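Q: When you get a sec, could you give me coordinates for this:
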Amino acid sequence: MINVLFVCLGNICRSPMAEALFRHLVKKEKLASRIAVDSAATFPWQFNFPPHAGTVYTLKKYKIPSDGLVGRSLKKEDFWKFDYIIGMDKNNIKDIYRITGKPNHPKIFRLLDLTKHKNDIPDPAFTGDFEETYRLVSAGCRQLLKKIRSEHNL
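A: Next up, the predicted model:
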């Protein structure tokens, strides 16, 4: 099983959106038996809570299920469980390095590093722009799936 973890600050907007969208793409490609997806937060805010209403609304708009998404905290041991640990911005990456104790490890990278955008995904909890977040997360998730398919001959 290939394990993918999306990480953002609070695990209520960007990372659960990426988890739901990536899980949807994986299911569409009939790879759900090969790829597992999860998300986590670097800051202990909203644990055991569902995603932000804006995230749920946006996912619903694009017919992507958000069932079962619940906030949780990134743990040091997640480094050993996951093959890909993907942050939404530079600060997330720094926090992932600190929490896992594995700075500059190649399995840890920003989602948009896989795209032409090469920047951070803005946090819609602060910007209010869930559409922009969806557009960027979607571009990154599509490239991530290509990367995984290539690296694992799927």
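Q: For the worst-scoring helix or strand of the chain on mean pLDDT, which helices and strands make contact with it?
A: Least confident helix or strand of the chain, by mean pLDDT, DSSP states H and E, is helix 124-127 with a mean of 92. Counting contacts by 3 or more Cβ pairs under 8 Å, 6 or more residues apart in numbering; DSSP states H and E, helix 124-127 is packed against helix 53-61, helix 130-151. Using the backbone N, CA and C atoms, a C-beta is placed for each residue, glycine as well.
Q: What is the last one packed up against?
A: What it means is helix 130-151. Using 3+ Cβ pairs under 8 Å, 6+ apart: helix 130-151 touches strand 2-8, helix 14-28, helix 53-61, strand 84-87, helix 124-127.
Q: thinking again about what came up before, if we look at the least confident helix or strand of the chain, which residues are touching it?
A: The contact list for helix 124-127, computed with Cβ atoms under 8 Å, 6 or more residues apart in numbering, reads G10, I12, C13, R14, H52, G54, T55, F130, E132, T133.
Q: And the pLDDT for the first one?
A: So that's G10. As predicted, G10 sits at a pLDDT of 92.
Q: likewise the third one?
A: Among the per-residue scores, C13 shows a pLDDT of 95.
Q: Just give me the neighbour total for it.
A: A count of nearby residues for C13, using other Cβ atoms under 10 Å, gives 27.
Q: OK, contacts around it?
A: Neighbouring residues of C13 by Cβ under 8 Å, 6+ apart: P51, H52, G54, T55, D123, P124, A125, F130, T133.
Q: wait, F79 sits on R98?
A: No. With contact defined as Cβ atoms under 8 Å, F79 does not count as touching R98 (11.7 Å).
Q: Which of those two has more residues huddled nearby?
A: A side-by-side neighbour count of F79 and R98, using other Cβ under 10 Å, places F79 first with 19 against 13.
Q: Just say helix, strand or coil for that one.
A: helix (DSSP: H, G, I helix; E, B strand; the rest coil).
Q: Next, give phi and psi for the residue nearest to it when sequence neighbours are not counted.
A: Leaving aside its sequence neighbours, F79 sits nearest to T100 (Cβ to Cβ, 6 or more residues apart in numbering; 4.0 Å). The phi and psi values for T100, taken as degrees, to the nearest 10, are phi -80, psi -20.
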